[in-house]
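Peer 1: Structure for this input, please:
(one chain, ligands or ions: 1)
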Amino acid sequence: MTDHVLVERPEAYPGVQVIRFNRPDKKNAITRDMYAKMTAALTVAGSDPAIRATAFLGTEGCFSAGNDMNDFLAFAMGGSMGGEVLDFLRALASATKPVVSGVDGLAIGIGTTIHLHCDLTVASARSVFKTPFVDLALVPEAASSLIAPRIMGHQRAFALLAAGEPLEPAAALQAGLIWKVVDENAVEEETLSLTGRLAKKPPEALRIARDLIRGDRNDVLARIDEEAEHFAAQLKSAEARAAFEAFMRR
Ligand SMILES: C/C=C/C(=O)SCCNC(=O)CCNC(=O)[C@H](O)C(C)(C)COP(=O)(O)OP(=O)(O)OC[C@H]1O[C@@H](n2cnc3c(N)ncnc32)[C@H](O)[C@@H]1OP(=O)(O)O
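Peer 2: Purely as a prediction, here's the structure:
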């Protein structure tokens with residue numbers, strides 16, 4: 001496993017597990033190894049009573065540029081995509097403890113859709129949320145095609161997920177994708193203190209409250225699988241391969 005994802009338990013925030021993207025030279029693009037490490041961390045969080053809440057963070061100016069394009073291209077060329085992405089999405093959607101995220105800067109593809117599974121997201125004013133799925137000849141993932149229209153309505157979900165329109169923080173706030181906009185220097189502190197406050201709450205009451213608010217997850221898990229079938233088929237398409245090659249050549 002690489003250190004492109006760091007899993008930390010900051011002493012100053014008891015009960016908090018931090019999953020931090022740490023591949024800034026590649027805009028925190030997510031590789032199969034990174035997904036696997038995040039899945040492992042979420043699994044530990046589910047079973048370790050010492051972890052009461054998890055926070056996702058990126059690096060300065062970049063949350064994540066989404067899935068690694070080299071992995072997409074390798075799959076398009078006949079390689080194996082592996083189950084790491086799906087395992088991660090299922091683990092995230094099944095998390096039983098609060099998940100918080102802090103965004104400063106770019107949040108592309110899964111770097112945006114991940115927040116649909118977070119309970120609270122803090123973002124800096126210079127953040128931008130964008131999912132260029134269709135431009136890459138791909139389709140929405142992470143059950144975003146189900147959750148986004150529910151929280152923001154058809155038109156905003158379509159603009160984000162199908163038209164690939166960027167969503168600025170103020171619009172993301174209004175759309176219900178994020179909870180709070182803060183100064184870029186305050187993202188980390190705000191995210192950790194928020195997660196730390198959740199970690200101090202009575203865990204069973206918080207679990208029940210969260211379950212009630214999130215509702216039944218079976219439809220979310222089923223939509224993750226349904227999207228994944230289309231996604232895998234599109235990944236093999238000539239139009240997707242052309243889009244990945246264009247990114248590599250740019
Ligand atoms: C299941 C999940 C699905 C999805 O997540 S779909 C979404 C997939 N992601 C994308 O389509 C984003 C692709 N990246 C970009 O469009 C751009 O990048 C950015 C807008 C994110 C940033 O642009 P700029 O600020 O000009 O930086 P730069 O020079 O393009 O990138 C710096 C280095 O980062 C690498 N990189 C950026 N994104 C990815 C990626 N997604 N996969 C692999 N590498 C990436 C580049 O290649 C380059 O690297 P080098 O310096 O060696 O040339």
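Peer 1: neighbours of His154, just the number please.
Peer 2: Burial of His154 is recorded as 9 neighbouring residues (other C-beta atoms under 10 Å). Glycine gets a C-beta too; all of them are placed from N, C-alpha and C.
Peer 1: Let me fix that, I meant to ask about Asp119.
Peer 2: Count around Asp119 with other C-beta under 10 Å applied: 21.
Peer 1: my guess is it meets Ala95, correct?
Peer 2: No. Judged on C-beta atoms under 8 Å, Asp119 makes no contact with Ala95 at a distance of 9.2 Å.
Peer 1: The protein: strands as residue ranges?
Peer 2: Applying DSSP state E to the chain gives strands spanning 5-8, 16-21, 53-57, 62-64, 99-103, 106-108, 120-124, 128-130, 180-182.
Peer 1: Tell me which of these sits nearest to the ligand.
Peer 2: Closest to the ligand of the strands of the chain, according to C-beta to the nearest ligand atom: strand 106-108, at 4.5 Å.
Peer 1: Give me the helices and strands touching the closest one, please.
Peer 2: strand 62-64, strand 128-130 (3 or more C-beta pairs under 8 Å, 6 or more residues apart in numbering; DSSP states H and E).
Peer 1: Take those and lay them out in CSV including mean pLDDT, mean neighbour count and distance to the ligand.
Peer 2: Formatted as CSV, the helices and strands packed on strand 106-108 follow (pLDDT from 0 to 100; neighbours: other C-beta atoms under 10 Å; distance: least, C-beta to the nearest ligand atom, whole Å):
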stretch, mean pLDDT, mean neighbour count, distance to the ligand
strand 62-64, 98, 26, 8
strand 128-130, 98, 21, 8
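Peer 1: Compare these and give me the one nearest Val103.
Peer 2: strand 62-64 (4.3 Å; C-beta to C-beta).
Peer 1: for the closest residue in space to Val7 that isn't next to it in sequence, what are its contacts?
Peer 2: Distance criterion C-beta to C-beta, 6 or more residues apart in numbering; nearest residue to Val7, sequence neighbours excluded, is Ala41 at 4.5 Å. Residues in contact with Ala41, defined by C-beta atoms under 8 Å, 6 or more residues apart in numbering, are 5, 7, 17, 19, 54.
Peer 1: Residues of the protein that sit close to the ligand?
Peer 2: Proximity of the chain to the ligand, by C-beta under 6 Å from any ligand atom, involves residues 26-27, 29, 65-70, 85, 106, 108-110, 132-133, 136, 141, 247.
Peer 1: Tell me the buried residues within those residues.
Peer 2: Listed as buried from these are 26-27, 29, 65-69, 85, 106, 108-110, 132-133, 136, 141; burial here means 16 or more other C-beta atoms under 10 Å.
Peer 1: Just give me how far the longest helix along the chain sits from the chain centre.
Peer 2: Identified as the longest helix of the chain according to DSSP state H is helix 218-235. Centroid displacement of helix 218-235 relative to its chain, using C-alpha atoms, centre = their mean, to the nearest Å, is 16 Å.
Peer 1: mind listing what's buried in that helix?
Peer 2: By 16+ other C-beta under 10 Å, the buried positions in helix 218-235 come out as 220, 223-224, 227-228, 231, 234-235.
Peer 1: so which of these comes closest to the ligand?
Peer 2: Comparing the buried residues of helix 218-235 against the ligand with C-beta to the nearest ligand atom places Phe231 closest, at 6.9 Å.
Peer 1: The helices and strands packed on strand 106-108: which one's closest to Glu189?
Peer 2: Across the helices and strands packed on strand 106-108, Glu189 has its closest neighbour in strand 62-64 (16.0 Å, C-beta to C-beta).
Peer 1: list the helices and strands that closest one packs on?
Peer 2: Using 3+ C-beta pairs under 8 Å, 6+ apart: strand 62-64 touches strand 16-21, strand 99-103, strand 106-108, helix 110-113.
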